[in-house]
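Visitor: Would you be able to build a 3D model of this:
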Amino acid sequence: MRTRGLLHEEMNQLRRELTLMASRVEEDLGKALAILRSGGDDLVKEVKESGKIVDALQLKIEDMALVLIATQQPVAGDLRELISVFKLTSNLERIGDFVVHLVKAAKKLSGRPPFRSVERIERMAETGQEMLKAAFPAYLTKDAAAARSAALLDDKIDDEHKALTEEMLALMKKKSGLVKDAARLLRLSGYMERLGDHITNICEAVIFMTEGSHEELNR
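Guide: Residues are numbered from 1 along each chain as shown. Here you go, the predicted model:
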(Lines give C-alpha, C1' and ligand atoms only; values in the text may rest on other atoms or scores of the structure.)
Protein backbone atom coordinates (compact mmCIF):
# COMPACT_ATOMS: atom_id res chain seq x y z
CA MET A 1 0.00 0.00 0.00
CA ARG A 2 2.91 2.30 0.75
CA THR A 3 4.24 1.69 -2.77
CA ARG A 4 0.85 2.53 -4.28
CA GLY A 5 0.64 5.68 -2.19
CA LEU A 6 4.10 6.72 -3.34
CA LEU A 7 3.09 6.20 -6.96
CA HIS A 8 0.07 8.48 -6.58
CA GLU A 9 2.18 11.08 -4.83
CA GLU A 10 4.78 11.04 -7.61
CA MET A 11 2.06 11.10 -10.28
CA ASN A 12 0.59 14.22 -8.72
CA GLN A 13 4.03 15.86 -8.79
CA LEU A 14 4.42 14.91 -12.42
CA ARG A 15 1.05 16.48 -13.21
CA ARG A 16 2.12 19.68 -11.47
CA GLU A 17 5.24 19.86 -13.62
CA LEU A 18 3.19 19.22 -16.74
CA THR A 19 0.83 22.01 -15.70
CA LEU A 20 3.79 24.37 -15.41
CA MET A 21 4.93 23.39 -18.88
CA ALA A 22 1.50 23.78 -20.47
CA SER A 23 0.87 27.09 -18.69
CA ARG A 24 4.17 28.50 -19.93
CA VAL A 25 3.46 27.46 -23.52
CA GLU A 26 -0.02 28.96 -23.31
CA GLU A 27 1.37 32.20 -21.89
CA ASP A 28 4.01 32.38 -24.62
CA LEU A 29 1.33 31.95 -27.27
CA GLY A 30 -0.49 34.91 -25.74
CA LYS A 31 2.70 36.97 -25.96
CA ALA A 32 3.10 35.97 -29.60
CA LEU A 33 -0.41 37.22 -30.26
CA ALA A 34 0.46 40.52 -28.58
CA ILE A 35 3.52 40.88 -30.83
CA LEU A 36 1.37 40.26 -33.89
CA ARG A 37 -0.93 43.05 -32.82
CA SER A 38 1.54 45.68 -31.64
CA GLY A 39 5.15 44.46 -31.76
CA GLY A 40 7.47 44.48 -28.74
CA ASP A 41 11.16 43.60 -28.49
CA ASP A 42 10.90 42.70 -24.81
CA LEU A 43 8.24 40.08 -25.49
CA VAL A 44 10.32 38.48 -28.24
CA LYS A 45 13.22 38.03 -25.84
CA GLU A 46 10.90 36.70 -23.12
CA VAL A 47 9.40 34.06 -25.41
CA LYS A 48 12.83 32.92 -26.60
CA GLU A 49 14.04 32.52 -23.01
CA SER A 50 10.83 30.78 -22.03
CA GLY A 51 11.36 28.29 -24.85
CA LYS A 52 14.54 27.13 -23.13
CA ILE A 53 12.61 26.56 -19.91
CA VAL A 54 9.99 24.55 -21.80
CA ASP A 55 12.74 22.35 -23.24
CA ALA A 56 14.19 21.76 -19.76
CA LEU A 57 10.76 20.89 -18.38
CA GLN A 58 10.26 18.32 -21.11
CA LEU A 59 13.45 16.51 -20.12
CA LYS A 60 12.61 16.70 -16.42
CA ILE A 61 9.08 15.36 -16.84
CA GLU A 62 10.10 12.55 -19.16
CA ASP A 63 12.84 11.50 -16.72
CA MET A 64 10.27 11.44 -13.93
CA ALA A 65 7.93 9.29 -16.01
CA LEU A 66 10.69 6.84 -16.92
CA VAL A 67 11.68 6.43 -13.27
CA LEU A 68 8.07 5.74 -12.27
CA ILE A 69 7.62 3.15 -15.01
CA ALA A 70 10.87 1.44 -14.03
CA THR A 71 10.45 1.48 -10.25
CA GLN A 72 6.71 1.54 -9.48
CA GLN A 73 5.38 -1.01 -11.98
CA PRO A 74 2.24 0.98 -12.82
CA VAL A 75 -0.68 -0.83 -14.44
CA ALA A 76 -3.93 0.01 -16.24
CA GLY A 77 -4.82 3.72 -16.13
CA ASP A 78 -1.62 4.77 -14.40
CA LEU A 79 0.52 3.10 -17.04
CA ARG A 80 -1.53 4.61 -19.89
CA GLU A 81 -1.13 8.05 -18.33
CA LEU A 82 2.62 7.67 -18.01
CA ILE A 83 2.85 6.54 -21.63
CA SER A 84 0.69 9.50 -22.65
CA VAL A 85 2.96 11.90 -20.77
CA PHE A 86 5.63 11.44 -23.44
CA LYS A 87 3.16 12.45 -26.16
CA LEU A 88 2.03 15.45 -24.13
CA THR A 89 5.55 16.72 -23.45
CA SER A 90 6.68 16.14 -27.03
CA ASN A 91 3.76 18.05 -28.49
CA LEU A 92 3.96 20.85 -25.93
CA GLU A 93 7.65 21.25 -26.79
CA ARG A 94 6.85 21.41 -30.50
CA ILE A 95 4.11 23.98 -29.86
CA GLY A 96 6.66 26.01 -27.92
CA ASP A 97 9.05 25.82 -30.89
CA PHE A 98 6.39 27.08 -33.28
CA VAL A 99 5.57 29.93 -30.90
CA VAL A 100 9.24 30.98 -30.95
CA HIS A 101 9.21 30.88 -34.77
CA LEU A 102 5.99 32.86 -34.70
CA VAL A 103 7.35 35.70 -32.57
CA LYS A 104 10.47 35.99 -34.73
CA ALA A 105 8.44 36.25 -37.93
CA ALA A 106 5.83 38.50 -36.35
CA LYS A 107 8.49 40.95 -35.23
CA LYS A 108 9.88 41.17 -38.76
CA LEU A 109 6.40 42.05 -40.01
CA SER A 110 5.96 44.95 -37.59
CA GLY A 111 6.20 48.34 -39.27
CA ARG A 112 5.64 46.87 -42.73
CA PRO A 113 2.67 47.76 -44.95
CA PRO A 114 -0.41 46.26 -43.31
CA PHE A 115 -1.91 43.05 -44.65
CA ARG A 116 -5.51 42.28 -43.85
CA SER A 117 -4.45 38.65 -43.84
CA VAL A 118 -2.53 39.25 -40.61
CA GLU A 119 -5.95 39.22 -38.98
CA ARG A 120 -6.27 35.60 -40.09
CA ILE A 121 -3.01 34.78 -38.32
CA GLU A 122 -4.34 36.45 -35.19
CA ARG A 123 -7.55 34.42 -35.34
CA MET A 124 -5.51 31.23 -35.78
CA ALA A 125 -3.42 32.10 -32.72
CA GLU A 126 -6.57 32.89 -30.73
CA THR A 127 -8.07 29.54 -31.71
CA GLY A 128 -4.83 27.82 -30.73
CA GLN A 129 -5.08 29.44 -27.31
CA GLU A 130 -8.67 28.28 -27.00
CA MET A 131 -7.71 24.74 -27.97
CA LEU A 132 -4.84 24.56 -25.50
CA LYS A 133 -6.96 26.00 -22.69
CA ALA A 134 -9.45 23.19 -23.29
CA ALA A 135 -7.09 20.31 -24.12
CA PHE A 136 -4.81 20.39 -21.12
CA PRO A 137 -7.58 20.60 -18.49
CA ALA A 138 -9.13 17.61 -20.30
CA TYR A 139 -5.94 15.72 -19.42
CA LEU A 140 -6.07 16.77 -15.78
CA THR A 141 -9.74 15.78 -15.44
CA LYS A 142 -9.44 12.73 -17.72
CA ASP A 143 -12.29 14.03 -19.87
CA ALA A 144 -12.23 12.40 -23.31
CA ALA A 145 -15.34 14.27 -24.48
CA ALA A 146 -13.70 17.60 -23.69
CA ALA A 147 -10.60 16.49 -25.61
CA ARG A 148 -12.70 15.67 -28.67
CA SER A 149 -14.44 19.05 -28.46
CA ALA A 150 -11.10 20.84 -28.25
CA ALA A 151 -9.79 18.98 -31.28
CA LEU A 152 -12.76 20.10 -33.38
CA LEU A 153 -11.51 23.68 -33.11
CA ASP A 154 -8.58 22.75 -35.34
CA ASP A 155 -10.96 22.94 -38.30
CA LYS A 156 -11.14 26.71 -37.77
CA ILE A 157 -7.36 26.97 -37.97
CA ASP A 158 -7.25 24.81 -41.10
CA ASP A 159 -9.93 26.94 -42.79
CA GLU A 160 -8.05 30.17 -42.01
CA HIS A 161 -4.80 28.63 -43.26
CA LYS A 162 -6.39 27.58 -46.55
CA ALA A 163 -7.98 30.99 -47.10
CA LEU A 164 -4.76 32.86 -46.27
CA THR A 165 -2.73 30.65 -48.60
CA GLU A 166 -5.07 31.43 -51.47
CA GLU A 167 -4.95 35.16 -50.69
CA MET A 168 -1.16 35.29 -50.51
CA LEU A 169 -0.62 33.30 -53.70
CA ALA A 170 -2.96 35.66 -55.56
CA LEU A 171 -1.19 38.70 -54.07
CA MET A 172 2.25 37.40 -55.04
CA LYS A 173 1.11 37.10 -58.65
CA LYS A 174 -0.22 40.67 -58.74
CA LYS A 175 2.41 42.57 -56.70
CA SER A 176 5.94 41.25 -57.01
CA GLY A 177 7.20 43.86 -54.53
CA LEU A 178 5.24 42.20 -51.75
CA VAL A 179 6.42 38.65 -52.40
CA LYS A 180 8.86 38.60 -49.47
CA ASP A 181 6.30 39.77 -46.90
CA ALA A 182 3.61 37.53 -48.38
CA ALA A 183 5.96 34.54 -48.11
CA ARG A 184 6.60 35.41 -44.47
CA LEU A 185 2.85 35.41 -43.81
CA LEU A 186 2.59 32.01 -45.47
CA ARG A 187 5.24 30.68 -43.11
CA LEU A 188 3.41 32.17 -40.14
CA SER A 189 0.20 30.53 -41.27
CA GLY A 190 2.02 27.22 -41.66
CA TYR A 191 3.33 27.47 -38.10
CA MET A 192 -0.19 28.05 -36.81
CA GLU A 193 -1.61 25.18 -38.85
CA ARG A 194 0.97 22.79 -37.41
CA LEU A 195 0.47 24.20 -33.93
CA GLY A 196 -3.19 23.21 -34.17
CA ASP A 197 -2.17 19.71 -35.24
CA HIS A 198 0.07 19.32 -32.19
CA ILE A 199 -2.71 20.37 -29.84
CA THR A 200 -4.94 17.81 -31.56
CA ASN A 201 -2.25 15.22 -30.85
CA ILE A 202 -2.54 16.12 -27.16
CA CYS A 203 -6.28 15.50 -27.40
CA GLU A 204 -5.61 12.08 -28.90
CA ALA A 205 -3.28 11.29 -25.99
CA VAL A 206 -6.02 12.22 -23.52
CA ILE A 207 -8.43 9.84 -25.26
CA PHE A 208 -5.89 7.01 -25.16
CA MET A 209 -5.19 7.69 -21.49
CA THR A 210 -8.86 7.67 -20.48
CA GLU A 211 -10.34 5.09 -22.85
CA GLY A 212 -7.38 2.99 -23.92
CA SER A 213 -8.16 3.51 -27.61
CA HIS A 214 -6.18 5.13 -30.40
CA GLU A 215 -8.39 7.68 -32.12
CA GLU A 216 -7.29 9.71 -35.15
CA LEU A 217 -8.49 13.31 -34.78
CA ASN A 218 -6.25 14.96 -37.39
CA ARG A 219 -8.29 14.62 -40.56
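
Visitor: For the residue positioned nearest the centre of the chain, give me its contacts.
Guide: The geometric centre of the chain, computed from its C-alpha atoms, lies nearest to I95 (CA atoms, centre = their mean), at 3.6 Å. I95 makes contact with V25, L29, L132, L195, H198, I199, according to CB atoms under 8 Å, 6 or more residues apart in numbering. Bear in mind the C-beta positions are built from the backbone N, C-alpha and C, glycine included.

Visitor: cool, Y191 as well?
Guide: Y191 sits next to F98, H101, L102, A105 when contact means CB under 8 Å, 6+ apart.

Visitor: Just the element for it, please.
Guide: Taking DSSP states H and E as the definition, Y191 sits inside helix 179-211.

Visitor: quick one: the residue nearest to the centre of the chain from L88, how far?
Guide: Between I95 and L88 the distance, using CB to CB, to the nearest Å, works out to 11 Å.

Visitor: repeat for E62
Guide: 10 Å.

Visitor: of these two, who's got more company?
Guide: Applying other CB atoms under 10 Å to E62 and L88 shows that L88 carries more neighbours, namely 25 against 17.

Visitor: My guess is the more buried one contacts I202. True?
Guide: Yes. Here L88 lies in contact with I202, judged by CB atoms under 8 Å, at a distance of 5.8 Å.

Visitor: Next, the contact list for N201, please.
Guide: Applying CB under 8 Å, 6+ apart, we find N201 in contact with K87, N91, N218.

Visitor: residue contacts, the second one?
Guide: Taking CB under 8 Å, 6+ apart as the criterion, N91 is in contact with H198, I199, N201, I202, A205.

Visitor: What values do phi and psi take at it?
Guide: Phi and psi for N91, reported as degrees, to the nearest 10, are phi -70, psi -40.

Visitor: wait, doesn't E204 sit right on L217?
Guide: Yes. Contact between E204 and L217 holds when scored by CB under 8 Å: they sit 5.3 Å apart.

Visitor: Name the residues contacting each of those two.
Guide: A151.

Visitor: still on that earlier bit, overlap in contacts, L88 and I202.
Guide: Shared contacts of L88 and I202, defined by CB under 8 Å, 6+ apart, comprise Y139.

Visitor: that older thread, which one of the contacts of I95 is nearest to T141?
Guide: L132 (15.0 Å; CB to CB).

Visitor: need the contact list for that closest one.
Guide: So L132 contacts A22, V25, E26, L29, I95, I199, I202 (CB under 8 Å, 6+ apart).

Visitor: let's see 6 Å
Guide: Under the criterion of CB atoms under 6 Å, 6 or more residues apart in numbering, the contact list for L132 reads E26, I199.

Visitor: Helix or strand: which one has it?
Guide: Following DSSP H and E, one finds L132 within helix 118-141.
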